[in-house]
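Asks: sequence first, then the predicted structure:
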Amino acid sequence: RNGAPLPNPRPAPPAAHFQTPQVALRRATSIVMEPTVDGRGLGPSGCSRRDGAGPRARQEHRSAQLHMDWTLKRRAKFISSRAFDCVLRAASAPPNAASESTQDFVRGKYRPSQHTRMYKMALTSCLFPQQSMDRDTVSAVGREGTFMARRREAWGEAFRSLVYAVRGGRCPAFYCLPPEGSTDGMVCLVTAMEVGGRREATAVMSQSSKRWRARMREEYGIEFKTPRHREVDQAQLEADRKELEGLEVPQAGVELPQRGALIDNTPESMVVCSGEDNVHGFFDFMYNEVCGGELHHGCDVPSLLAPTLFEGGTIVRHRPSFIKARGARKTAEKGGVRAEATVHILELSGDIPPWTVYRLCSTFRRTQERRFDATFEPIAGTEHFNTLFGQPGKAGPASGGGRQESAAVGGFGDGLEGGLWWDGEEKESWLEATPLARPVKQLSCDGST
């Protein structure tokens with residue numbers, strides 16, 4: 001370690017595989033954490049209600065600035081009483097317009113001034129592989145055949161490229177998601193120094209098993225923490241034990257967790273590695289176990305998702321899966337007659353990263369006259385990522401010569417020249433410690449609060 005190149009994959013059993021934050025506006029923002037809004041939650045302006053009505057009272061976080069939400073989103077819905085003109089223009093734009101927004105992303109330009117290009121660039125990320133395969137497809141092409149061997153080799157080069165981009169301050173963070181059908185369901189997030197208010201580079205594995213924790217500790221010398229570890233509820237353990245004892249057929253390999261032990265593959269088994277040596281050890285672990293080990297055995301390679309270009313990555317753009325205008329009854333009445341208004345809805349689905357959510361919200365703040373609502377569905381396993389980037393004592397860059405040192409190893413300095421963020425607002429949201437302890441499920445920008 002200590003800056004040494006990543007090792008080549010160990011000559012271990014061939015195959016190992018794995019698949020494929022948030023949001024800050026400067027003004028007029030109210031973030032509502034917890035349940036999403038149903039149809040009855042739309043208020044007089046087509047925006048979310050604030051009266052606390054509904055099955056559960058909502059927990060609100062009001063701020064003049066939106067903050068980065070590090071949870072990945074499975075689905076995002078934007079609602080406005082004003083038409084999403086930039087979306088409609090982008091859908092009917094000539095091919096050269098799409099090429100221009102792609103070139104903006106490649107060159108790492110600042111926020112485009114033209115709204116349509118701003119919207120299209122907000123949807124853009126870099127992904128490897130472009131298309132993930134399910135277990136049946138992997139089995140058909142041969143898990144240990146030439147095709148999969150070359151695919152794992154290409155994944156290793158892409159991963160290596162991202163590692164050194166993070167270390168060199170050319171990429172602030174990236175995600176690694178498990179492939180379809182994998183029994184190793186961990187989602188990984190790697191952030192560079194200073195990102196999220198943390199002084200050190202950080203690697204997070206959303207859930208782990210005893211097997212992989214032992215290998216990380218014993219074979220790679222990684223020191224890690226499990227910050228969500230809590231004692232297993234003894235009453236639940238006893239209930240599970242009685243249920244297992246009542247089974248007629250013994251369950252081979254079933255081992256009940258002891259009191260105080262981690263429950264594998266649950267949120268409390270989340271692993272956090274901090275510091276250059278431990279994060280580099282995590283890189284070694286992922287590189288070796290995916291390229292030549294048993295991680296995601298029998299499945300495709302993991303998906304790598306980043307806000308900047310990396311070797312082998314494909315530039316991808318989320319496409320609205322659903323966009324429509326519908327009539328919605330107003331709750332306010334004029335002269336005793338209920339008025340009808342049109343509510344415009346834009347929906348996205350897939351693995352939606354924080355930078356996409358942030359930039360869409362930043363774009364719609366400008367195009368929707370600061371009036372829109374949004375609801376989000378987090379991806380399972382990433383719900384607790386926010387808790388790692390708002391801990392007391394972890395915020396802020398190192399004092400004194402820390403900033404100068406970080407520019408050499410994993411720091412960003414001013415960062416704007418490299419096009420890592422659109423402007424100073426976005427940079428601040430990337431680097432600040434987030435006050436959000438839970439994933440954002442609902443957001444409202446109403447122009448005044």
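Replies: All right, it came through fine.
Asks: please make it C-alpha for all contacts and neighbour counts, starting now.
Replies: OK.
Asks: any low-confidence regions in the stretch 251-400 of the chain?
Replies: 251-262, 293, 326-341, 391-400 (pLDDT under 70).
Asks: list of residues touching the helix or strand hosting residue 176?
Replies: Residue 176 belongs to strand 173-177 when elements are defined using DSSP states H and E. In this structure, residues lying in contact with strand 173-177 by C-alpha atoms under 8 Å, 6 or more residues apart in numbering are 18-20, 162, 166, 186-192, 195, 302-307.
Asks: how about 7 Å then?
Replies: Residues outside strand 173-177 that contact it (C-alpha atoms under 7 Å, 6 or more residues apart in numbering): 18-20, 166, 187-192, 302-306.
Asks: what about residue 277, distance to residue 203?
Replies: Separation of residue 277 from residue 203 (C-alpha to C-alpha, to the nearest Å): 11 Å.
Asks: and these two? which has more neighbours close in?
Replies: Higher neighbour count among residue 277 and residue 203: residue 203, with 25 against 17, using other C-alpha atoms under 10 Å.
Asks: so that one touches residue 273, yeah?
Replies: Yes: between residue 203 and residue 273 there is a contact under C-alpha atoms under 7 Å: 5.1 Å.
Asks: what touches both of these two?
Replies: Shared contacts of residue 203 and residue 273 (C-alpha under 7 Å, 6+ apart): residue 279.
Asks: how long is stretch 78-89 end to end?
Replies: Taking C-alpha to C-alpha, stretch 78-89 runs 17 Å from one end to the other.
Asks: contacts only, for residue 74.
Replies: Per C-alpha under 7 Å, 6+ apart, neighbours of residue 74: 349, 350, 351, 352, 377, 378, 379.
Asks: let me see the ranges of the strands in the chain.
Replies: Counting by DSSP state E, the segments of the chain that form strands are 29-33, 59-63, 73-80, 124-128, 173-177, 188-191, 202-205, 271-274, 303-306, 314-317, 322-334, 337-352, 372-378, 440-445.
Asks: partners of the fifth one in the sheet?
Replies: Each strand that pairs with strand 173-177, with its direction, by DSSP bridges: strand 188-191 (antiparallel), strand 303-306 (antiparallel).
Asks: which residues touch the first one?
Replies: Applying C-alpha under 7 Å, 6+ apart, the external contacts of strand 188-191 come out as 172, 173, 174, 175, 176, 177, 201, 202, 203, 204, 205, 206.
Asks: can you rerun that using 8 Å?
Replies: 166, 172-177, 201-206.
Asks: so what's the backbone phi/psi at the nearest residue to residue 446 once chain neighbours are set aside?
Replies: The spatial neighbour of residue 446 that comes closest, neighbours along the chain excluded (C-alpha to C-alpha, 6 or more residues apart in numbering), is residue 371 at 4.6 Å. Reported as degrees, to the nearest 10, the phi and psi values for residue 371 are phi -140, psi 100.
Asks: hmm, residue 80 and residue 371 touching each other?
Replies: Yes: at 6.7 Å, residue 371 counts as touching residue 80 under the criterion of C-alpha atoms under 8 Å.
Asks: all set now, cheers.
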